[in-house]
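Trainee: Sequence and computational prediction follow.
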Amino acid sequence: MMANQISPARQSKTTSSHRLAKVSTRFLDETAKIEPSHDNCRAILFLMDTPELSWITHELCRILTQRGYSSRLHHLHETSDDVQPPHNQAADYKYWLLPTTSTAAVDEYNFDHVVLLVPANIEAVLAAYQRIKRLGQRNTPPDIGVVLVGAHDQHSAWQYFRKLAVGALRYLDIPLLNLGYLPEHVTPEHVPANHHRNKFLARIGERLLRSEFYTSYPAQKFAQGK
């Protein structure tokens, strides 16, 4: 069972409870149906502190594809083998997973949803808070979700998320969505391959898609890079 899905920050700021309830209702409806679109692709931006965390998006792309969600991985602002497909093939991919370390990508591509990959330590939580602060300064701030990476257990992951969620809501008036966590025993440095890792990533992927936590783009427009 994944960490509690509703931010505890609503308990700390009663004036924001209605807003947070609206966000939670929109994003946490696990029964919502995924309606296919033939015109748009769905882009999911993953912001991370270091490129080493991109293994998460690689694995998530693989798992989503295995589960029947046509997915494409593309590294923003980086030279890699994951180049964009020809324009006439762009519509074949309904979900684009976009890992980057650049907060500027949110403005460049006008993303309205952002996933933060946050290592489970206090330094990373503080760095994530600064990212959230910068994102909140946009004219239209994106909705922000958080995945904790490398937590000792569910309770530890929840404690780190709570610190970040309470601070973001109390001082920045920004609610966060808890997208889940990856425990330390499933990370590559602990074990090269692990079926438990697939289970955790599959839960995160399903939550992303069922809560519609992505930015919709015309497929051809996104294939051109903007």
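Mentor: It's in.
Trainee: can we go C-alpha only for contacts and neighbour counts from here?
Mentor: Noted.
Trainee: Contact partners for the closest residue in space to residue 76 that isn't next to it in sequence?
Mentor: Counting by Cα to Cα, 6 or more residues apart in numbering, the nearest residue to residue 76 once its immediate chain neighbours are dropped is residue 100, at 5.7 Å. Taking Cα atoms under 8 Å, 6 or more residues apart in numbering, we find residue 100 in contact with 45-48, 51, 75-77.
Trainee: of these, closest to residue 124?
Mentor: Residue 124 has its nearest neighbour among the contacts of residue 100 in residue 48, at 9.8 Å by Cα to Cα.
Trainee: Just grab the bridge partners of the closest one for me.
Mentor: residue 117 (DSSP bridges).
Trainee: Quick check: it touching residue 124?
Mentor: No - using Cα atoms under 8 Å, residue 48 is not in contact with residue 124, being 9.8 Å away.
Trainee: State the phi and psi torsions of the residue nearest to residue 76.
Mentor: phi -160, psi 160 (degrees, to the nearest 10).
Trainee: Touching both of residue 48 and residue 124, which residues are there?
Mentor: residue 118.
Trainee: Name the residue in the two with the higher neighbour count.
Mentor: It is residue 48, of residue 48 and residue 124, that has more neighbours when counted by other Cα atoms under 10 Å, with 23 against 17.
Trainee: From residue 69, how far out is the more buried one?
Mentor: Residue 48 sits at a distance of 23 Å from residue 69 (criterion: Cα to Cα, to the nearest Å).
Trainee: tell me which helix or strand of the chain sits lowest on mean pLDDT?
Mentor: The least trusted helix or strand in the chain, going by mean pLDDT, DSSP states H and E, turns out to be helix 17-27, with a mean of 43.
Trainee: what's the average pLDDT for the strand or helix carrying residue 43?
Mentor: Using DSSP states H and E, the element containing residue 43 is strand 40-48. Mean per-residue pLDDT for strand 40-48: 91.
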